[in-house]
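Asker: build me a structure from this.
(chains A and B)
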Amino acid sequence: MNPSLDQIWQWLETVPDPEIPVISVVDLGIVREVEWQGDTLEIAVTPTYSGCPATTVISADIELALRRNGIKNIAINQQLAPPWTTDWLSDTGRKKLQKYGIAPPQSSGAPQNCPQCQSADLEKISQFGSTPCKALWRCKTCLEPFDYFKCH
Amino acid sequence: MDPLFQLLLRMGDNTLVLGHRVSEWCGHAPVLEEDIALANTALDLIGQTQMWLGLAGEMENKGRSADDIAFLRDIWDFRNLLLLELPNGDFGQTLMRQFLFDAWHSIQLGHLINSSDPRVAAIAEKAAKEVAYHVERSADTVVGLGDGTDESHARMQAALDYLWPYVGEMFQSDAADLALVKQGIAPNPASLRGDFDALTRRVLAQATLTIPQDNYAQKGGKTGARHTEHLGHILCQMQWLQRAYPGETW
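Answerer: All right, here's what the predicted structure looks like:
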């Protein structure tokens, strides 16, 4: 008897993103589809950035978490289209990011508030940051630099 | 050679060779933020290479992976633009080359998104989102340095003068290109010149730089007919491990 898909999604919600461990791969919106084909569990995962080194680690982490829960046959497929967008980041994920000190993406292309002091007086330092998905910003009120999860 | 396979090699070799060149800056850029930006750009380009050359290997159906195609071919099999294999020069020259390529790349990908081949369209859509960031940054930097100090202006003008003869190759069409146009897979390279000129004229004028009058074009990269001597040196660096220890993994 195969575990239900609801159960599988719950297990996936415990798999952290390797670079930003406060959010799960489900929060990140990169698990696109989960379905049983006979006794094989097929999972479609989409990369965030094409060269992101976390992509292979994420697939390995997903497989490990499911094996730990007794699933034997797992097929993880990379799905390119439609391309991943930060619109798929869950509301929970956005809140967790903010709390962790990373400003969540905004459609305006700029962070709303400093994740430290909530000030809106901000400036961009660099469009590129410590991982492909982040830009580097600075708060002009508390003067702290912070990561901004850039809109994609 | 199959025209689609040719296109995939051209796209993938462009991103592979430029990705390698840009990665040479890792740890050497003038400031930390630029170092990180260059490394991120290189990473995106290598990621895009995996997609283009991965699809090339898939459609060729001879069991070659993206890695096999990248690491086990020799100079004459590469189809990248000559512009991208030139040595980095100084920081300004590296960013000028990046801007000229990003300008073309963003326009080319904008067309490939509508390719009649859904696999090509999917890769283009993914890559276009990343390249939008590349061109924004390289254009900003070209303006900042061009319209900067006397020293930075002079270096950027020298970079533009040196690199301009390598621009024309982007717009040369051959039989493979025309076959792809017919099948609705890719645009005619010559047709991208108008958009490219509009974008580069606007940015370079803002950068207070003068575009050279002479449109003589160096060519031979995208056809593989004649690469510069620099490509061999890149491959030496890039491929030595796979050549010295065939099949090695880590």
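Asker: residues in chain B within reach of chain A, list them.
Answerer: Within chain B, the positions lying close to chain A (C-beta under 8 Å from any C-beta of the partner chain) are B:33-34, B:36-37, B:40-41, B:43-48, B:50-51, B:118, B:121-123, B:125-127, B:129-130, B:133, B:136-137. No exception for glycine: its C-beta is placed from N, CA and C like everyone else's.
Asker: give the buried subset of those as a ChimeraX selection command.
Answerer: Buried members of those, defined by 16 or more other C-beta atoms under 10 Å in any protein chain shown, are picked up in ChimeraX with:
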select /B:34,36,37,40,41,43,44,45,46,47,48,50,51,121,122,123,125,126,127,129,130,133,137
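Asker: three-state assignment of the most centrally placed residue in chain A?
Answerer: The residue lying closest to the centre of chain A (C-alpha atoms, centre = their mean) is residue A:28, at 2.7 Å. What DSSP: H, G, I helix; E, B strand; the rest coil gives for residue A:28 is coil.
Asker: before we move on, what about residue A:125?
Answerer: Following three-state DSSP, residue A:125 is assigned to strand.
Asker: isn't it up against residue B:32?
Answerer: No. Counting by C-beta atoms under 8 Å, residue B:32 is not a contact partner of residue A:125; they are 9.9 Å apart.
Asker: more neighbours: these two, which one.
Answerer: For residue A:125 versus residue B:32, the count of surrounding residues by other C-beta atoms under 10 Å in any protein chain shown is larger for residue A:125: 15 against 11.
Asker: can you name the residue of chain A nearest chain B?
Answerer: residue A:51 (2.5 Å; C-beta to the nearest C-beta).
Asker: and that residue, what's its pLDDT?
Answerer: The model reports residue A:51 with a pLDDT of 85.
Asker: that one should be in a helix, yeah?
Answerer: No. Under three-state DSSP, residue A:51 falls outside any helix and is assigned coil.
Asker: with adjacent residues omitted, what lies nearest to it?
Answerer: Residue nearest to residue A:51 in three dimensions, not counting chain neighbours: residue B:47, with 2.5 Å by C-beta to C-beta, 6 or more residues apart in numbering or on different chains.
Asker: was I right to think the residue nearest to the centre of chain A contacts residue A:17?
Answerer: Yes. Counting by C-beta under 8 Å, residue A:28 does reach residue A:17; the two are 5.5 Å apart.
Asker: tell me the contacts of the nearest residue to residue B:64 once chain neighbours are set aside?
Answerer: Counting by C-beta to C-beta, 6+ apart, residue B:64 lies nearest to residue B:57, which is 4.3 Å off, once chain neighbours are set aside. By C-beta atoms under 8 Å, 6 or more residues apart in numbering or on different chains, the contact set of residue B:57 is B:63-66, B:68-69.
Asker: could you chop chain A up by domain?
Answerer: The record's domain parsing of chain A by automatic domain parsing lists A:5-84, A:91-149.
Asker: can you give me the helices in chain A?
Answerer: Assigned by DSSP state H, the helices in chain A fall at A:5-12, A:54-68, A:91-100.
Asker: can you redo those helices as a markdown table with mean neighbour count and mean pLDDT?
Answerer: Below are those laid out as a markdown table (neighbours: other C-beta atoms under 10 Å in any protein chain shown; pLDDT from 0 to 100):
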| stretch | mean neighbour count | mean pLDDT |
| --- | --- | --- |
| helix A:5-12 | 14 | 96 |
| helix A:54-68 | 16 | 93 |
| helix A:91-100 | 16 | 94 |
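Asker: got those helices as TSV, with distance to chain B columns?
Answerer: Shown next, in TSV, are those (distance: least, C-beta to the nearest C-beta, whole Å):
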stretch	distance to chain B
helix A:5-12	23
helix A:54-68	9
helix A:91-100	19
